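Colleague: sequence first, predicted model second:
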Amino acid sequence: MNAAWGRLPAGMLAGMLWADTSFGLNIPVRVGWTENPQTSVTISWERDAPGRGTVHYGTTTNYGLWMSDPGGTRRHSITLRNLQPGARYYFRASSTDGFEARGAFLTAPAPTGSVHFA
C-alpha cells in the first residue's frame, strides 16, 4: 500500500458508505476504481425498484457536475471520468425513488517519479 493512501481518513478509499432511508434500512454505496484511479471512480448502489440513478460531484459540496445512468435499473453504477489526480471530490448519489447518500473520495496522486524495488 502506498504510504500516501495510508494517511487517508476512514471511508475515503474504495469501500462502502452507508445511507439511511426513511424505512430505517442501511443501503451501501460502493466507491471503487475500475479504470485509472488518478482520473476516474465508479460509484454504485442497489435499490428495490428500478429507476434512474444520478451522481452529483465536484471538488466542493456545491458539486457542479453530474452524471446519470440510463434508468430502468435497480443496480446503479456510474463511472466519473476526467477527474483531477490527487484531488478530493464530494458526491451525492441519488435515485428516482427518493434515495440519497453523500460521501467523498480522493483520486490517486499523479506519479512523481519512477518506482524502485529492492
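Modeller: Received, thanks.

Colleague: next, the distance between the ends of stretch 28-41.
Modeller: One end of stretch 28-41 to the other measures 16 Å (C-alpha to C-alpha, to the nearest Å).

Colleague: give the rounded mean pLDDT of that stretch.
Modeller: The predicted model assigns stretch 28-41 a mean pLDDT of 92.

Colleague: how far out from the middle of the chain is it?
Modeller: Its chain's C-alpha centre and that of stretch 28-41 lie 6 Å apart, by C-alpha atoms, centre = their mean, to the nearest Å.

Colleague: list the buried residues for it?
Modeller: By 16 or more other C-beta atoms under 10 Å, the buried positions in stretch 28-41 come out as 29, 31-33, 37-41. C-beta: built from backbone N, CA, C; applies to glycine.

Colleague: possible to save those as TSV with distance to Pro50?
Modeller: Shown next, in TSV, are those (distance: C-beta to C-beta, whole Å):
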residue	distance to Pro50
Val29	18
Val31	22
Gly32	22
Trp33	26
Pro37	30
Gln38	33
Thr39	30
Ser40	26
Val41	24
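
Colleague: which members of those are the farthest-apart pair?
Modeller: By the measure C-beta to C-beta, Val29 and Gln38 form the most distant pair in the buried residues of stretch 28-41, at 21.6 Å.

Colleague: helix or strand right after the helix or strand where Ala93 lies?
Modeller: Assigned by DSSP states H and E, Ala93 belongs to strand 88-95. Once strand 88-95 ends, the next helix or strand along the chain (criterion: DSSP H and E) is strand 100-106.
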